[in-house]
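S.K.: Below are the sequence and a predicted model for it; my questions follow.
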Amino acid sequence: MTHIRAAAARWARTWTEAWEALNVEPIVALYAPDATFSTEPFREAYRGPEGVREYVTRAFGEEESPRVWVSEPIVDGDRASISWWAALRENEADTTLAGTSVLAFDGDGLVVEQWDAWNVIRERRSPPSDWSPFAEPEPDT
């Protein structure tokens, strides 16, 4: 399970840093060749690194100035659950996304399955101070 904890922590760190930089490739590198990436319960799943690249490239193309927070991963066996929060501009509107990714990892620590559920509000909002061990409220500007 230590191996999966490290893989989950790498996923959380990589998504945080790459999303804030709008950098697609470090995220794509987290996924196994046969990965299934379901970004919303009622959307068709994306397949493999190319599917991940397709989705992330499109999403990042609509976003500006993201500030991202992630929770400490909850790990059980080869699976992890990680909540996340992102305040950004999407399609020229202030937006906040809050959700959870449920992940399964292979023996190499790559994601073989990701299932996301999330909510959106059309304003830019930092997470509450008690939202996560990693959450730090954004300073008021």
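M.R.: All right, it came through fine. Everything numeric here is computed off the predicted structure, so don't read it as measured data.

S.K.: Which helix runs longest in the chain?
M.R.: Secondary structure assigned by DSSP state H gives helix 2-21 as the longest helix of the chain.

S.K.: Run through who's touching that one.
M.R.: Identification of contacts with helix 2-21 by Cβ atoms under 8 Å, 6 or more residues apart in numbering yields 23-27, 29-30, 60, 66-73, 75, 77-80, 82, 84, 86, 101, 103, 105, 109-111, 134. No exception for glycine: its C-beta is placed from N, CA and C like everyone else's.

S.K.: Tell me, please, where in the chain the pLDDT is lower than the cut-off.
M.R.: Low-confidence segments of the chain (pLDDT under 70): 1, 133-141.

S.K.: where along this protein do the helices fall?
M.R.: Counting by DSSP H, the chain has these helices, from start to end: 2-21, 24-28, 48-61.

S.K.: what sits up against the shortest one?
M.R.: Here helix 24-28 makes contact (Cβ under 8 Å, 6+ apart) with 14-15, 17-19, 49, 52-53, 56-57, 60.

S.K.: redo that, cut-off 6 Å
M.R.: Here helix 24-28 makes contact (Cβ atoms under 6 Å, 6 or more residues apart in numbering) with 14, 18, 49, 52-53, 56-57.
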